[in-house]
Every structure is written in C-alpha cells, then in structure tokens.
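**Student:** build me a model:
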Amino acid sequence: MTELSLRGLTKRFGTFTAVDDVTLDIPDGSFVCLLGPSGCGKTTLLRLLAGLETQSAGRLVVGGQDQTDVPPDKRDFGMVFQSLALFPHLTVAENVAYPLAIRGRPKAERRRRADELLALVQLDGMGDRRIHQLSGGQRQRVAIARGLAIDPSVFLLDEPLSALDANLREHMQVELRQLQQRLGVTTVVVTHDQKEALTMADIVIVMNKGRVQQVGAPMEVYRDPANAFVAGFIGTSNLLPCALHDDAVDVMGHKIALAPEDRVKCATGDDAVLSVRPEDVRLTDAETGLPARVTFIRDLGDSVQVMLDFDGQDVTALFAPGARPDVAQGDTVGLEFASGNRVVLPA
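**Tutor:** Predicted coordinates for the structure are as follows:
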C-alpha cells in the first residue's frame, strides 16, 4: 500500500510560510492534482513529499511507514521536473535508465528496462537518439519514462505539461492519465491549469497562500466550492455580493428564493456572495427575470458566451451553440439562476 498521509506538514523560509500546516490523506493508486495560483505553495509541498525540501514541522507517512527524515534517494519516489532536466550528452535510453545507473544496476538490466518503458510511452526504437533530436512531446515522454524507471511507489510531477502547446498538452493529459490507470501508481501532479486538473484527477487539492482550501473529486470541487476563492479559481463563476435571509438572498436589492438543493455555507447576517456558474445562468424576458443588459457576445466554437451588466455587476452566461439565445449587444434581458446549482458563500 502506498497511501500518503501528511500530518501538519509545514515549510518556512525565514519569516515566510510557504506551506502551512497541511494535513491530507492521499489514497493508494489515486491520481491527485495540487492546484492553485503561482506562489500558493504547491511546488514546495511536492518537494517536501520528494524529500528535496526539509519540513519545518509535521510528518510524512507512506504506506504506514514514517518517511519524514528519509533522504530523497531512499524514498522510492519517481519525479518529473518542470524543466524535464534531461541530459543532452546521454542517449534517450541512457536518460531513461539513469536512476538505475546511479543505483548500480547492471547495464543489460538498465537497457532492458529502458526499452520496456520507451515502448510504454510510445517511443519504441528511439533509445539510441539524442535528446536534441526529439520533439517537445517526445522529450516529455522520456522524462515520464525516466520517472518510472525504478517502478516507484509514488510518482510526482511538477507542472509536467506547462511547456507544451495547447493541442499537444491536451493529448498528453489523456496519455498521462491512461498510463497512470494502467500502472496503478499513486500519482501527484502540480498544476495551475484548472482544466488540466478537472480532466485528469481523481482528487483535486486546491491551495492558496500555503494552505489547503478544499479537497475533493473534480466535480465536487467545481459544483460545491468550499469558499469564494475556490469558486472563483476553479473554472469561471459569477460571484455576486448578497445578504442572506433565511430561505432567500438579497442580490443588489433583488430577492431570490433559495431551493432546498442550493448550498448555504454562511450564517444570516454574514457578508456573503452568491456563486453561480455561467452554464447555470438563463436569459428570459426583462419583465420576468432580473433586469440586465447584454454587453458582449463571444462565439467560442464549442460554446457561446454572453456577458451582461446586472446593476453594475458583470455576469457571464454560457450556452451550447444550438442553444444560442436570440439577443444582441445592448439588448435588455432578464436573468434567472438555475435552482439547485446556487451556492451562498462567506465573502
């Protein structure tokens, strides 16, 4: 079993706390994404897991064994760095087999393992090439193969796809997820890309300012955010200042009744925001809905985005191409927010 248990893990650099009292349980065989803005502590947390940083406080338990003070080369972890850190003077096969070479494995075993992994990442027959002869996507695969060379119990990746162009990045997201599913290795990936996390992960861990904000399945985090930061960071959300009154909210002087399925995460009298996803915004007649004005329309190909002004607040609505509303810029329309999909959060 390679379950990871983090208990109060903390890292300080002088007076700055990069990782602040993180306690988590990562199940065996899961694919986890550490997600958050630049500087939120996610890479530092990954380096603490790898043993490349020394914790200021807390413990790391792997498969029931305390690994807090175990050096990185003894942790049985594979890692892919953001820079890839491939060696240009070595062949592709030698790069893949490098972790085995520094462990003193025989040359024949190293080459056999390198060939197996290159076949696994769809680079059969490329073992004798040099790194400069490969494309960006091929180099990415070499780095992934090298991280798997020691058959690690835990696989750590720091922004592994950030340098790739959009199409190749999406392709590699699918490949990496399928590879992890075949191998069943516990995997932790750092990313700042919300779509990447929602696409690949079993579990998303959202971080901000060194602290964990929410842990959950991708759609759970998207649909039921723990706070306004998570709602605004994961995908797109309309965050409207409101006041909570028992079974209703007051938004810009407009009373909106809440349904039992709507989630309320603050108390009456608290400063609050109403979180509504763009796909849950409906357009209707100005007489029947909340009055708003269309300020911009964007056709994104796979969707149509309508931007609106609602009493000075920007609201975004999203529609499938076949459901494009019959409105034009400057039109006055009515807004409705889909019942059951609204979340009232502390401001």
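**Student:** check contacts around the most centrally placed residue in the chain.
**Tutor:** What sits nearest the mean C-alpha location of the chain, by Cα atoms, centre = their mean, is A197, with 3.1 Å. By Cβ atoms under 8 Å, 6 or more residues apart in numbering, the contact set of A197 is C33, L35, V189, T191, V204, P218. Where C-beta positions appear, they are placed from N, C-alpha and C, glycine not excepted.
**Student:** confirm it sits in a helix?
**Tutor:** Yes. If the criterion is DSSP: H, G, I helix; E, B strand; the rest coil, then A197 is within a helix.
**Student:** pop out the phi and psi values for the nearest residue to it once chain neighbours are set aside.
**Tutor:** Once flanking residues are discounted, A197 sits nearest to C33: 3.8 Å by Cβ to Cβ, 6 or more residues apart in numbering. Per-residue torsions, C33: phi -110, psi 120 (degrees, to the nearest 10).
**Student:** partners of C33 in the sheet?
**Tutor:** V189, V204 (DSSP bridges).
**Student:** roughly how far apart are it and V343?
**Tutor:** From C33 over to V343 the distance is 21 Å, taken as Cβ to Cβ, to the nearest Å.
**Student:** out of those two, which sits in the busier spot?
**Tutor:** The neighbour comparison of C33 against V343 (other Cβ atoms under 10 Å) goes to C33, with 26 against 23.
**Student:** got the contact list for the more buried one?
**Tutor:** V188, V189, V190, T191, E196, A197, M200, A201, I203, V204, I205.
**Student:** of the residues you listed, the lowest pLDDT goes to which?
**Tutor:** Ranked by pLDDT, the contacts of C33 bottom out at E196 (88).
**Student:** okay but it is in contact with E159, surely?
**Tutor:** No. Counting by Cβ atoms under 8 Å, E159 is not a contact partner of E196; they are 9.5 Å apart.
**Student:** and the helices in the stretch 51-200 of the chain?
**Tutor:** 92-101, 107-120, 136-147, 166-183, 194-200 (DSSP state H, counting those that start in this stretch).
**Student:** neighbours of E109, how many?
**Tutor:** By other Cβ under 10 Å, neighbour count at E109 equals 11.
**Student:** repeat that for the one 10 residues further on.
**Tutor:** As a burial measure, the neighbour count of A119 was computed by other Cβ under 10 Å and equals 13.
**Student:** so can I have CSV of the contacts of C33 showing distance to A317?
**Tutor:** Output for the contacts of C33, formatted as CSV (distance: Cβ to Cβ, whole Å):
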residue, distance to A317
V188, 36
V189, 32
V190, 32
T191, 27
E196, 25
A197, 24
M200, 28
A201, 27
I203, 30
V204, 25
I205, 30
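**Student:** pop the domain breakdown of this protein in here.
**Tutor:** Taking automatic domain parsing as the criterion, the chain consists of the domains 4-223, 236-346.
**Student:** just say which of those domains is most tucked in.
**Tutor:** Comparing the domains of the chain by mean neighbour count (mean count of other Cβ atoms under 10 Å), domain 4-223 ranks first with a mean of 18.
**Student:** how long is that one from one end to the other?
**Tutor:** Domain 4-223 has its terminal residues 26 Å apart, counting by Cα to Cα, to the nearest Å.
**Student:** so how far is that domain from its chain's centroid?
**Tutor:** 13 Å (Cα atoms, centre = their mean, to the nearest Å).
**Student:** what is the mean pLDDT for stretch 160-167?
**Tutor:** On average, stretch 160-167 scores 82.
**Student:** list of residues touching that stretch?
**Tutor:** So stretch 160-167 is contacted by 80, 82, 136-137, 140, 143-144, 169, 172-173, 176, 189, 191, 193, 196 (Cβ under 8 Å, 6+ apart).
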